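S.K.: Quick one, structure for this:
(3 chains)
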Amino acid sequence: MRIPIAALIGLIFTFAYFFIAIFAPWIAPYGMAEVVSRDVWLPPSSEFLLGTDNLGRDLLSRMIYGGRTTIFIATAATILSFTTGSILGFLAAVLGGWADQAMSRFVDLIMSIPSLIFALVVLSVMPVTVPVLIVVMGLLDSTRVYRLARAVAVDINVMDYVEAAKLRGEGRGWIIFREILPNALSPLIAEMGLRFIFMVLFVSTLSFLGLGVQPPQADWGGIVKENADGIVYGIGAALYPAVAIATLAISVNLVADWILNRTTSLKGGRG
Amino acid sequence: MSLLVKLLAQRIALGLLLLFLVSILIFAGTIILPGDVAQQILGQSATPEALANMRRDLGLNDPPIKRYFSWLGGLVQGDLGTSLTSGKDIAESIGKRLGNTLFLAFWAAIISVPLAILLGLIAVRYRERWPDKLISAVTLASISVPEFLIAYVAIFFVSVRLRWAPSVTTINDSMSLSEKLHTISLPIAVLTLVVLAHMMRMTRAAILNVMQSAYIETAELKGLRTFTIIWKHAFPNSIAPVVNVVMLNLAYLVVGVVVIEVVFTYPGMGQFLVDHVSKRDIPVVQACGLIFAAVYIGLNMVADIVSIVANPRLRHPK
Amino acid sequence: MSDKLLKVQNLKIGATVYPPGEKPHDIEIVHGVSFEVEKGKVLGLIGESGAGKSTIGLASMAYGRGGVKITGGEVWVNGRDILKTTNSDVRALRGGEVTYVSQSAAASFNPAKKIMDQVTEAAILQGKFSKKEAERRAVELFQKLGLPDPENIGNRYPHQVSGGQLQRCMTALALCPEPDLVVFDEPTTALDVTTQIDVLMAIKEAIRDTGVAALYITHDLAVVAQVSDDILVLKMGDMVEYGSVDQIINNPQEEYTKALVSVRSIEHAEKTPTPEPVLKVQNITARYKGTNFDVLKNINVELHPGQTLAVVGESGSGKSTLARVITGLLPQSNGSVHFAGRDLSKDLGGRSKEDLRELQMIYQMADVAMNPRQTVGTIIGRPLEFYFGLRGAEKRKRIVELLDEIEMGEGFIDRYPAELSGGQKQRVCIARALAAKPKMIICDEVTSALDPLVADGILKLLLDLQKVEDVAYLFITHDLATVKAIADSIAVMYQGEVVRYGGKTDVLSPPFDDYTDLLLSSVPEMKLGWLEDVIANRKMESAGN
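M.R.: Numbers count the residues shown, from 1 in each chain, chains lettered A, B, ... in the order given. Have a look, this model is predicted:
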């Protein structure tokens, strides 16, 4: 099987990011919060490849540890949002009736408030810790996964092959796991990539607003906030996360596009 | 005609119901969650007296339902309560800032909407050719970066390096419109860029969807010019989906504006909200949250109403 | 060249395909086709799906749909090669000299504009008529095509008229600019059989009265025989046979043409009823949830072991709903279903595994009746495993037996549905139903999505299997030719009721009730002049008007 070049680049970058996130302590030249220089915002040098930050810490190490935090939170929140959203979405589609109505209307309600605004309201009374962030982001985003999973499952549920399985006398488990799930997987996996990107952007935004990951722990949004003051002096330290987030997001996007295209052509949807 | 009126009435009623439910949700979001709110606000070192006072100020000693209805009762009369941290009337503090936010959002919308539609049309006209691919690449890049980073990149290059526009955007009443616009040119540009990307992608998809209809083929087989086909056959059917796209993205603007205001320290609602979330000033957060949600719900409602009105099956029932 | 209106020479057409896992590439779909049409004559283009007939029709307007490109040959219209002319000349050609009627008028009309504006648009923009003249002509055409209220129907929007009416409006649209040639692309295929005949007659008369020439594209030889002067038979982009309608129908030369002409000539003698029916439907009345309208009214039918009951009717007659009631998907509001000596529970949940096993179902669209992620082996093997607990080698042996029975063989066991042809897919569905060793199979329009020759193969297979397995079929269809081919008894349904019921010979012999007469007489026959005879002798107006 041939992988198109764009998808290959996407895959390589995505893997590289996850590799760096997992092995951050071994890769980063200095400690996460270690003050390595008395000079703040030093320009890049052979000693500090990206220079130092607003407190004289090594920016490269901050970026590596920051990636670890951001990617960890985004991954955990994506997993939470996917498990919750897709299980409930499938259930709603298969059960139908009032259970579907109740869940769907509740999701409509949650989605009628922009997620950032809702997150801010909730975070105003919650302690801002990593687990809280993951739960709030994951649950808020599970509404979108729910809608997609339900829509996909409803489409599949009316297919004749599902009816044939029902007429055969198959149980709900077989119908969900053997008939619906294999056919729903590819759109869901492609969506997973997009949700992951959204989580990276979401947690970065919260941290930037001071309501996400708390210092001294590093994360990409926080690095922007910490170094934002340097911008007006022409110091670009705050912009490194932009490059990191953009490349990660674009890579994941390319992979997701590829998965989606591959599966549509499998179904014969394009020829 | 009656069916149309009925559908519209239903949609508006639904919007109001949604707003009511959202007010419950926002209120509940700040009380049901675990933990003692007073403790959260004052921190671990708070004395028992201070906690008791805080609970009284927040009305925490009353049952939640009673508190909700007194809050709602106030809202309906335009009373948003008083701020915990400053002791000021919230409605008064917000009024001015809401105006500023709307001012910013308005100009961003004025620029981005026509631009998005124009670019969407260009992308459709030159589909799969370089203008389409260029537009797609740029939009993909810009939706892959959070708004605040686009803002800083803009400040870094446009404001600091090139010195074309100010990076601090405090505006006040004594400024003329052109002064104000110059001051906020950078936030407008960034917001435009952010909204533009989404709006243009969705506009492209909406128009493309119409252009692939069988009745467009019929028009082509009538020997009509491309321009006539777009104007007389594609356009009337594109209004509803495009307006829908525009409204959905203006709702997106509501979120974007919060972050952009913080970056540019612009004296609007968004910055006010974020500020008071950090201070755990719950009445302010509730009020701001509800206003943002109301705008969002309102825009979605307008989008749906346009789809209903533009649907020929509903306008001309059997 | 100018004596011919349309002259196509060695036309070659290519398309871009996107096979899974491969790079998109170009293939040729029409390989050098030549034909000509004289003024005022009708040429029928006939072939099964993939023959390239629509593509050729559109090429006569210098148009390629989607990724289709004309790669070679010449298309002469009124004395010039339209593949080599200017863009503005092509625009003048389309909608002026040559116009188009599509299969789905519902999709081809712009939903946001009034019918009149769309019908007259080309004539006005091409400068043929003033707005007033064009509208007067449109009204004349509406009248000629038998549309109700011809003066005002143009003021309606497309969704405000019925499918059959809209198809006539589309014909008016094509005729309004007084073209020299009209391309009819399967104009009656989407219509019910009794509506089809009226639209067909309307089109035929309009062609005759206006003296226009036409390309008439269809997969149904019996239909094209009624309207054409000449016929061109196509197969997979190649010309098979080209001749006068009389020669093609009465004296076909090529094997393929002979097969098309003799399609649906299966003979099946009626069997006599047995004392004990396997299925007894008694006083069934049913309605869908949330509606207050009975879609089935007091239905009584019986099916005997090893025999076939054909339930025939048009869309909306309730024939598929009857299948849903029998299978338990739609619980009836009244009446009972008696099956294999016992009463079946109203809803699916209340039926035993044995009930379910003995009553199997085959669907119209084999594509969506099989899970695309399961192999043929899994699809056929699941009922064996589920009902009989077969595993491993035993299961495989039985799967191979079944594959042999449907004339496919072991080689298909690891294939996915997407790798099969339409006929093979339907065969796998038949094997899946047989795997359960049922007493009865409900066949819901199982051949209507297939090309005629493939459909014939499936019907023959079903008849053979009935002899071997002694299984009863409840055969739901709108196609009377299919009914004649395989039924032992027939129930004719109309608006939720059984209007005629009995043995095949009785049901198909006069005297008829009005509806059965209409239905029977509407089935196109492979006979010249059939259309005129039918219209002259009808008792009842068709439902589509």
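S.K.: give me the low-pLDDT residue ranges for the stretch 101-250 of chain C?
M.R.: By pLDDT under 70, the stretch 101-250 of chain C has no low-scoring segment.
S.K.: for it, what spans make up the strands?
M.R.: C:181-185, C:213-218, C:230-235, C:238-244 (DSSP state E, counting those that start in this stretch).
S.K.: Next, the distance between the ends of stretch C:289-297.
M.R.: 16 Å (Cα to Cα, to the nearest Å).
S.K.: in which helix or strand would I find residue 187?
M.R.: No chain in the question, so chain A it is. Per DSSP states H and E, A:Pro187 falls inside helix A:181-208.
S.K.: Not quite, go with chain B.
M.R.: helix B:185-211.
S.K.: do you know how far C:Ile231 is from B:Val138?
M.R.: Distance of C:Ile231 to B:Val138, given as Cβ to Cβ, to the nearest Å: 55 Å. (Glycine included, C-beta is placed from N, CA and C.)
S.K.: between the two, which one's more packed in?
M.R.: Higher neighbour count among C:Ile231 and B:Val138: C:Ile231, with 25 against 15, using other Cβ atoms under 10 Å in any protein chain shown.
S.K.: For that one, name its beta-bridge partners.
M.R.: Under DSSP bridges, the beta-bridge partners of C:Ile231 are C:Gly44, C:Gly243.
S.K.: Run through the neighbouring helices and strands of the longest helix anywhere in chain B.
M.R.: In chain B, ranked by residue count with DSSP state H as the criterion, the top helix is helix B:90-125. In terms of contacts (3 or more Cβ pairs under 8 Å, 6 or more residues apart in numbering or on different chains; DSSP states H and E), helix B:90-125 is packed against helix B:130-143, helix B:185-211, helix B:235-263, helix B:269-278, helix B:282-310.
S.K.: Same list (those helices) but as TSV, adding mean pLDDT.
M.R.: Converted to TSV, the helices and strands packed on helix B:90-125 look like this (pLDDT from 0 to 100):
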stretch	mean pLDDT
helix B:130-143	82
helix B:185-211	87
helix B:235-263	84
helix B:269-278	89
helix B:282-310	87
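S.K.: Relative to chain C, which of those helices is closest?
M.R.: helix B:235-263 (4.1 Å; Cβ to the nearest Cβ).
S.K.: Which neighbouring elements make contact with the closest one?
M.R.: Taking 3+ Cβ pairs under 8 Å, 6+ apart as the contact cut, helix B:235-263 packs with helix A:115-123, helix A:181-208, helix B:90-125, helix B:147-154, helix B:185-211, helix B:269-278, helix B:282-310.
S.K.: Determine if any part of the second one is in contact with chain B.
M.R.: Yes. Residues of helix A:181-208 are located near chain B by Cβ under 8 Å from any Cβ of the partner chain, namely A:197, A:201, A:204-205, A:208.
S.K.: Can you name the element that comes right after that helix?
M.R.: Assignment by DSSP H and E places the next element after helix A:181-208 at helix A:220-227.
S.K.: now for that following helix, which elements pack on it?
M.R.: helix A:59-95, helix A:181-208, helix A:240-266, helix B:147-154.
S.K.: what about the third one, distance to the chain center?
M.R.: Read it as helix A:240-266. 12 Å (Cα atoms, centre = their mean, to the nearest Å).
S.K.: now swap in the last one and tell me
M.R.: For helix B:147-154, the distance from its own C-alpha centre to the chain's C-alpha centre is 18 Å (Cα atoms, centre = their mean).
S.K.: Likewise for stretch C:466-477?
M.R.: Distance, centroid of stretch C:466-477 to centroid of chain: 22 Å (Cα atoms, centre = their mean).
S.K.: mean confidence for it?
M.R.: For stretch C:466-477, mean pLDDT is 92.
S.K.: So what touches it?
M.R.: Identification of contacts with stretch C:466-477 by Cβ atoms under 8 Å, 6 or more residues apart in numbering or on different chains yields C:278-279, C:303-312, C:319-320, C:322-323, C:326, C:405, C:434, C:437-448, C:462, C:465, C:482-483, C:486-487.
S.K.: Restricted to helices, list these.
M.R.: Per DSSP H, those map to helices at C:319-320, C:322-323, C:326, C:405, C:434, C:462, C:465, C:482-483, C:486.
S.K.: for the helices and strands packed on helix B:90-125, which one sits closest to B:Asp57?
M.R.: helix B:282-310 (9.6 Å; Cβ to Cβ).
S.K.: For the closest one, buried residues please.
M.R.: B:282-308, B:310 (16 or more other Cβ atoms under 10 Å in any protein chain shown).
S.K.: Flag every residue of chain C that's near chain B.
M.R.: Residues of chain C lying near chain B (Cβ under 8 Å from any Cβ): C:58, C:61, C:63, C:65, C:90-96, C:99-100, C:102, C:104, C:107-113, C:118, C:121-122, C:125-126, C:156-157, C:159-160, C:173.
S.K.: Out of these, which end up buried?
M.R.: So, by 16+ other Cβ under 10 Å, the buried ones in the residues of chain C next to chain B are C:58, C:61, C:63, C:91, C:93-96, C:99-100, C:102, C:104, C:107-113, C:118, C:121-122, C:125-126, C:156-157, C:160, C:173.
S.K.: Now mean pLDDT, mean neighbour count and distance to B:Ser112 too, for the helices and strands packed on helix A:220-227, in JSON lines please.
M.R.: Formatted as JSON lines, those follow (pLDDT from 0 to 100; neighbours: other Cβ atoms under 10 Å in any protein chain shown; distance: least, Cβ to Cβ, whole Å):
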{"stretch": "helix A:59-95", "mean pLDDT": "93", "mean neighbour count": "23", "distance to B:Ser112": "28"}
{"stretch": "helix A:181-208", "mean pLDDT": "88", "mean neighbour count": "22", "distance to B:Ser112": "19"}
{"stretch": "helix A:240-266", "mean pLDDT": "80", "mean neighbour count": "20", "distance to B:Ser112": "21"}
{"stretch": "helix B:147-154", "mean pLDDT": "86", "mean neighbour count": "24", "distance to B:Ser112": "13"}
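S.K.: any chance of those helices in TSV, plus distance to chain C?
M.R.: TSV is the format used below for the helices and strands packed on helix A:220-227 (distance: least, Cβ to the nearest Cβ, whole Å):
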stretch	distance to chain C
helix A:59-95	14
helix A:181-208	4
helix A:240-266	4
helix B:147-154	35
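S.K.: out of the ones you listed, which comes closest to C:Gly422?
M.R.: Taking the helices and strands packed on helix A:220-227 one by one with Cβ to Cβ, helix A:240-266 is closest: 18.3 Å.
S.K.: what's the angle between that closest one and helix B:147-154?
M.R.: Angle of helix A:240-266 versus helix B:147-154, following axes from the mean of the first three to the mean of the last three Cα atoms, to 10 degrees, is 120 degrees.
S.K.: So which elements touch helix A:240-266?
M.R.: helix A:5-22, helix A:59-95, helix A:181-208, helix A:220-227, helix B:130-143, helix B:147-154.
S.K.: Check what contacts the fourth one and list those residues.
M.R.: Among residues not part of helix A:220-227, those counted as contacts by Cβ under 8 Å, 6+ apart are A:41, A:53-55, A:59, A:62-63, A:66-67, A:70, A:200, A:203-210, A:212-213, A:215, A:235, A:237-238, A:240-242, A:244-245, B:146, B:148-149, B:152.
S.K.: what's the offset of that helix from the middle of its chain?
M.R.: Counting by Cα atoms, centre = their mean, helix A:220-227 comes out at 19 Å from the chain centroid.
S.K.: Now it - C-alpha only, PDB.
M.R.: The C-alpha coordinates for helix A:220-227 follow below in PDB (Å, rounded to 0.1, in the frame of the first residue of the first chain):
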ATOM      1  CA  TRP A 220       3.000  25.800  25.100                       C
ATOM      2  CA  GLY A 221       0.200  28.300  25.800                       C
ATOM      3  CA  GLY A 222       1.900  29.200  29.100                       C
ATOM      4  CA  ILE A 223       5.200  29.900  27.400                       C
ATOM      5  CA  VAL A 224       3.500  32.400  25.200                       C
ATOM      6  CA  LYS A 225       2.000  34.100  28.200                       C
ATOM      7  CA  GLU A 226       5.300  34.200  30.100                       C
ATOM      8  CA  ASN A 227       7.200  35.700  27.200                       C
END
